[in-house]
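1. okay, here's the prediction I keep looking at, along with the sequence it came from:
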Amino acid sequence: MKTARQHERLRCAVFVSAWLAPTQAYSQSTDLQQALDAVAGHHPACKTAQPFYWEVGNAHGVLAKGQVGLDAPDADTVMPIASATKWLFGAYVVETRQGKLSEADIQTLTMRAGYVEYKHRLCVKHRQAKQDDLTVAECFAESGWGAGHNDALSADAVGMFYYAGGHFQHWGVENGLGSLNSGKLGQAFNNRLGANLAIGFESPQLAGGARMTARHYGDFLRKLLSGELALSAYLGKHAVCAQPSVCPQQALKSPIPSNLAWHYSLGHWVETGSGSDGAYSSGGAFGFYPWISADQQHYGVLARMKKPSLKHRPARDSAACGQQLRSALRSVNGA
């Protein structure tokens, strides 16, 4: 039998253990916040991207977050997310197919379906009433002087990676989304992926028309990490070479710099090759950059909105900053 002194020692040990556990967790959380604050606020790659809101988390919730730069957005700022829409669309397709993709689905989601003439500006109207009424099918059927036809199929490009929205638009027309305008398209995505995501569309473009908050996109990424969505099992799957300078026989056009050897999976990038860390991402042209770490344990969102120009590519700045945030995250976690 235990003596009174032994019982007292046991009670003390339990008390100390109970006190240390949350204290250690708090310390780690504080270390992470401080480390990421330092990177977001002072690393050259992130200073170039400012102003922005950022958050990092895991399947259970947000671990650290912050705003940097003058007039930075916050977690609830609704903004156009441009090509970050593609990850949502990939999830929509895989969810619709209940995880059983056809070869045509895979070819579409890896941008090898041959629809390379698509010009997104043809689906952005100056009159709001016309923009609100425009459907997925009408957008796909648009043509313009000197711009060609959005729905033109280039037989020679079938099977070759070509970064353009026409592949996704064609799938939408063929699979019941053609009659939907922006409002109804948002409803369709929320019905399939979860009403709590509050996905909206500014134009009926399946590859780039969505608008969203960082908070809600974070909710989407947590669904992927937790296995709630069918795409969770397909992160990085069926990835194809997406860099013409690396594989000219497989890729025709890519928005990423020629020194990067990234691959493209089902509606999202796999940041492979020298100087990259294997993360999954879907950065938008205006700088909205969501990511999931290569080990699929953490996610991040860098939220900003800046119009690109011939000399400036906001998406590249955001991706460079995001990589630095991931590096700091690994350092704190001892990985």
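-> Structure received.

2. alpha carbons only for contacts and neighbour counts from here, please
-> Noted.

3. ok, for residue 221, nearest residue in space, not its chain neighbours?
-> Residue nearest to residue 221 in three dimensions, not counting chain neighbours: residue 299, with 6.5 Å by CA to CA, 6 or more residues apart in numbering.

4. pretty sure that neighbour is touching residue 293, no?
-> Yes. Shown here, residue 299 and residue 293 form a contact pair, counting by CA atoms under 8 Å, at 6.1 Å.

5. who has more neighbours out of the two?
-> residue 299 (27 against 21; other CA atoms under 10 Å).

6. sorry, back to before: check contacts around the residue nearest to residue 221.
-> Residue 299 makes contact with 56-58, 218, 221-222, 225, 290-293 under the criterion CA atoms under 8 Å, 6 or more residues apart in numbering.

7. distance of it relative to residue 63?
-> Separation of residue 299 from residue 63 (CA to CA, to the nearest Å) stands at 10 Å.

8. need the residues touching each of those two.
-> 56-57.

9. of all the contacts of residue 299, which comes closest to residue 142?
-> residue 290 (29.9 Å; CA to CA).

10. next one, pLDDT for that closest one please.
-> pLDDT, residue 290: 98.

11. neighbouring strands of the helix or strand containing it in the sheet, and parallel or not?
-> Using DSSP states H and E, the element containing residue 290 is strand 289-292. Strand partners for strand 289-292, identified by DSSP bridges, are recorded as strand 280-281 (antiparallel), strand 299-303 (antiparallel).

12. which of these sits most buried?
-> Greatest average neighbour count among the strands paired with strand 289-292 goes to strand 299-303 (a mean of 29), per mean count of other CA atoms under 10 Å.

13. how far does it sit from the chain's center?
-> Its chain's average C-alpha position is 8 Å from that of strand 299-303, according to CA atoms, centre = their mean, to the nearest Å.

14. next helix or strand past it?
-> Per DSSP H and E, the first helix or strand lying C-terminal to strand 299-303 is helix 314-333.

15. how much space between residue 53 and residue 84?
-> Counting by CA to CA, the gap from residue 53 to residue 84 is 16 Å.

16. returning to what we had before: list just the nearest of the contacts of residue 299 to residue 166.
-> For these, the minimum distance to residue 166 (CA to CA) is 22.4 Å, reached by residue 290.

17. identify the residue nearest the closest one in space, chain neighbours excluded?
-> Closest residue to residue 290 apart from its sequence neighbours, by CA to CA, 6+ apart: residue 301 at 4.4 Å.

18. any low-confidence regions in the chain?
-> Low-confidence segments of the chain (pLDDT under 70): 1-28, 146-147, 310-311, 335.

19. can you show me the helices along it?
-> 4-42, 44-49, 85-96, 103-109, 128-133, 136-141, 166-174, 182-193, 214-226, 314-333 (DSSP state H).

20. what residues does the fourth one touch?
-> With contacts defined as CA under 8 Å, 6+ apart, helix 103-109 is touched by 90, 93, 113, 159, 167-168, 171, 238, 265-267.
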